[in-house]
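Enquirer: Got a sequence here, can you build the structure:
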Amino acid sequence: MKMPSITGAIDRIVSALSPKRGLRRALYRKAAGGISTDNRSDRSADSRRSDLYAAAKSGRLVGPWSPTDADVNRIIALSTPSVRKRIRQLVRDFPYFARAVRIMCDYTVGPGIMFQSKIRNADGHLDRKRNQEVEDVVSRWMDEADVAGKLHYYEMQQLSKRQDGECGEFIIVKRWRPNDGRYLPYALQLYEPDWLTTRHDRGLGPLSAPAKSTREPDVDIYQGVEYERATGRVLAYHFTDPDGWGKSSRVPAQDVVHGFESLRPGQLRGISPFTPGVLMAHDLSDYMDSEIDAAKSASKYLGSIETDNPMGMAAGWEQETDTDGIERTIEELENAVLKILQPGEKMNLATNPRPSENFPPMVRLMLCMLAVTTGAPYELVSGDYQQLSWSTAKIIRADFAQTLRPITDRHIRHFCVPTIAPVFDYAVLAGKLSLPNYFANPARWVKVQWQPPGMESSDMLRDTKATIDQIAAGLRAPQESTAARGRDLEEIYEQIKVARDLAAEIGIDLSAGSAKTSTALKNNPAAVEEQ
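Expert: Residues are numbered from 1 along each chain as shown. Below you'll find the model as predicted:
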């Protein structure tokens, strides 16, 4: 039995001695948002407190909303298996969900986040010769980066990003293959996140209660990740060999690239960013299937026959043919059949009201909600461009580009940087690259820029004029403009030089048209459209 509070006891004593003073105490306490004098639960008291956030209050309008909370690693461990299965099934069977995953892969990685060496001389200028040598070596290694020999390095980027979307994480194991006849004895192997085994688990995640009996009290294993309890630093990963009948193996952390989005401190494993949209996508799929099935069923009924004699209808159908098998009561048309009615019968043609008028707006609303959860714009997920204007398209693309920036940067840091760094080590050791004093000062030589895919402008004329004005005013560098399109300025200039040399060789003057267009852009971008 819950004991009454001291305050409540005092209030009752005061009320017994002086009802007037007791009422005044109750009114003052209520006005101040204090605790009530009766024995109602703390939850009811909290609902009346004015010093709480509205989101923390409980009461009639909120209802029985008391969500549970736990350590992030425990939540992920309990949820990931089911979430991963459902997302994979939606990607296989539900077109819009598959489209959302592909959009995020295409716009984040596309044909590849391109490697560019940016080594500089002592005077601070780019060392073009040395950069070309490094890019040639890296390009050669990328052709055989996959230990299985199936995927190019850029294809592995795409696959890892797909794993990141579907499973919430990707895992790559670095392999040493000196006897495979490779250009460099370094390769990569993609692992399914399902291969992490929980057989050796003995903890509940960083900062949780320590294991009761272990040889290493400062080290725990949870969800297949071996880590240091005090700091959360990962020490190793425990995998199940798919072909070893449950046999597990321990791989040191320095040989594993494990990428995922950290949502809370101490997180060991990732969960798909599409998780909030799973139920919405499933409901939308069921809703569309039900409406389509109803429309298909309704379309099969041409009409019905109304008669005063129910048995007459049955008799008519029983005597459709004579003894020779020749139809007497059915009249055939090209693609339909017309029933010859008996006296007293009436034909009612069926109407098909499916899909209903609410079907398109409902699907649009649910697709908008699905697009919000996946991060991809509604227009790209649905393929619906009917209500799109140029100004709206520019806003959507600008917003989508801003959304993609941290996602792309995370993929570069989690995939590209850790997988490409050993290439320099192995290339120098194998004599493929000559980088003086490399191991004493590798930072000088490992200068890399990763160029993600960009997006072309939806309004090229006006955007080009704005870019020219910004460059002329010193507010934007040409490199920034080309990078936004997913291109490298040096490569563009080289291609322009080749084009001009070829035009001069053939005898074509490229300057006349470009000068006319530049003048029109400077004065009035719309003038070019009118030409």
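
Enquirer: And D220, which helix or strand is it part of?
Expert: strand 219-222 (DSSP states H and E).

Enquirer: partners of that strand, with directions?
Expert: Sheet partners assigned to strand 219-222 using DSSP bridges are listed as strand 225-228 (antiparallel).

Enquirer: in the partner strand, what counts as buried?
Expert: Neighbour-count burial for strand 225-228, with 16 or more other C-beta atoms under 10 Å as criterion, is recorded at V225, E226, Y227. All C-beta spots, glycine's among them, are computed from the backbone N, C-alpha and C.

Enquirer: List the contacts of the nearest residue to A148 once chain neighbours are set aside.
Expert: Spatial nearest neighbour of A148, chain neighbours left out: Q189 (7.3 Å); criterion: C-beta to C-beta, 6 or more residues apart in numbering. By C-beta atoms under 8 Å, 6 or more residues apart in numbering, the contact list for Q189 reads D146, V147, A148, I172, V173, R175.

Enquirer: hmm, 6 Å instead?
Expert: Applying C-beta atoms under 6 Å, 6 or more residues apart in numbering to Q189 gives the contacts V147, V173, R175.

Enquirer: Which stretches in the stretch 351-500 of the chain count as helices?
Expert: 359-374, 378-382, 390-411, 417-429, 460-472, 478-484, 489-506 (DSSP state H, counting those that start in this stretch).

Enquirer: Would you reformat those as a markdown table and include distance to R99?
Expert: Formatted as a markdown table, those follow (distance: least, C-beta to C-beta, whole Å):
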| stretch | distance to R99 |
| --- | --- |
| helix 359-374 | 9 |
| helix 378-382 | 6 |
| helix 390-411 | 14 |
| helix 417-429 | 28 |
| helix 460-472 | 26 |
| helix 478-484 | 24 |
| helix 489-506 | 31 |
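
Enquirer: of all those, which lies closest to M280?
Expert: Checking those against M280 by C-beta to C-beta gives helix 359-374 as the closest, at 5.3 Å.

Enquirer: same for that closest one, what does it pack against?
Expert: helix 278-299, helix 378-382 (3 or more C-beta pairs under 6 Å, 6 or more residues apart in numbering; DSSP states H and E).

Enquirer: Would you map the strands across the stretch 201-350 of the chain?
Expert: Using DSSP state E, counting those that start in this stretch, the strands assigned to the stretch 201-350 of the chain run over residues 219-222, 225-228, 234-240, 248-252, 256-260, 303-307, 330-332, 337-339, 345-349.

Enquirer: Those strands: lowest mean pLDDT?
Expert: Among these, strand 330-332 has the lowest mean pLDDT, at a mean of 46.

Enquirer: Quick one: low-confidence residue ranges for this structure.
Expert: 1-5, 7, 14-20, 22-52, 203-217, 242-246, 300-352, 512-531 (pLDDT under 70).

Enquirer: What about the closest residue to E291 other than its chain neighbours, how many residues nearby?
Expert: Once flanking residues are discounted, E291 sits nearest to P355: 5.1 Å by C-beta to C-beta, 6+ apart. Other residues within reach of P355, judged by other C-beta atoms under 10 Å, total 16.

Enquirer: so P355 touches K296, yeah?
Expert: No - using C-beta atoms under 6 Å, P355 is not in contact with K296, being 10.7 Å away.

Enquirer: what's the most buried one of the helices and strands packed on helix 359-374?
Expert: For the helices and strands packed on helix 359-374, the stretch with the most neighbours on average is helix 378-382, a mean of 19; neighbours defined as mean count of other C-beta atoms under 10 Å.

Enquirer: hmm, who's touching that helix?
Expert: Contacts to helix 378-382, defined as C-beta under 6 Å, 6+ apart, come from residues Y96, R99, A100, I103, L367, C368, A371, Y385, L388.

Enquirer: can you rerun that using 7 Å?
Expert: Contact partners of helix 378-382, identified using C-beta atoms under 7 Å, 6 or more residues apart in numbering, comprise Y96, R99, A100, I103, L367, C368, L370, A371, T374, Y385, L388, I396.

Enquirer: helices or strands up against the helix or strand that contains Q158?
Expert: For Q158, the enclosing helix or strand under DSSP H and E is helix 153-167. Counting contacts by 3 or more C-beta pairs under 7 Å, 6 or more residues apart in numbering; DSSP states H and E, helix 153-167 is packed against helix 72-93, helix 95-108, strand 169-176, strand 186-191.

Enquirer: count of neighbours near the closest residue to L404 other than its chain neighbours?
Expert: Distance criterion C-beta to C-beta, 6+ apart; nearest residue to L404, sequence neighbours excluded, is Y107 at 5.7 Å. Look at Y107: counted by other C-beta under 10 Å, it has 22 neighbours.

Enquirer: what's the distance between Y107 and D220?
Expert: 38 Å (C-beta to C-beta, to the nearest Å).

Enquirer: starting at the chain centroid, how far to stretch 425-441?
Expert: 38 Å (C-alpha atoms, centre = their mean, to the nearest Å).

Enquirer: hey, C-alpha coordinates of it in CSV?
Expert: Extracted in CSV, the C-alpha atoms of stretch 425-441 (Å, rounded to 0.1, in the frame of the first residue of the first chain):
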residue,chain,number,x,y,z
ASP,A,425,51.8,1.3,-48.0
TYR,A,426,51.7,-1.7,-50.2
ALA,A,427,52.6,0.2,-53.4
VAL,A,428,55.7,1.8,-51.8
LEU,A,429,56.8,-1.6,-50.3
ALA,A,430,56.3,-3.3,-53.7
GLY,A,431,58.2,-0.6,-55.5
LYS,A,432,55.2,0.6,-57.5
LEU,A,433,55.5,4.1,-56.1
SER,A,434,58.6,6.1,-55.3
LEU,A,435,57.7,8.4,-52.5
PRO,A,436,60.8,9.6,-50.7
ASN,A,437,60.8,9.2,-46.9
TYR,A,438,57.2,8.0,-47.1
PHE,A,439,57.0,5.9,-43.9
ALA,A,440,58.6,8.7,-41.8
ASN,A,441,56.2,11.3,-43.1
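
Enquirer: And the contacts of that stretch?
Expert: For stretch 425-441, contacts defined as C-beta under 7 Å, 6+ apart pick out E133, V134, V137, L184, P185, Y186, W445.
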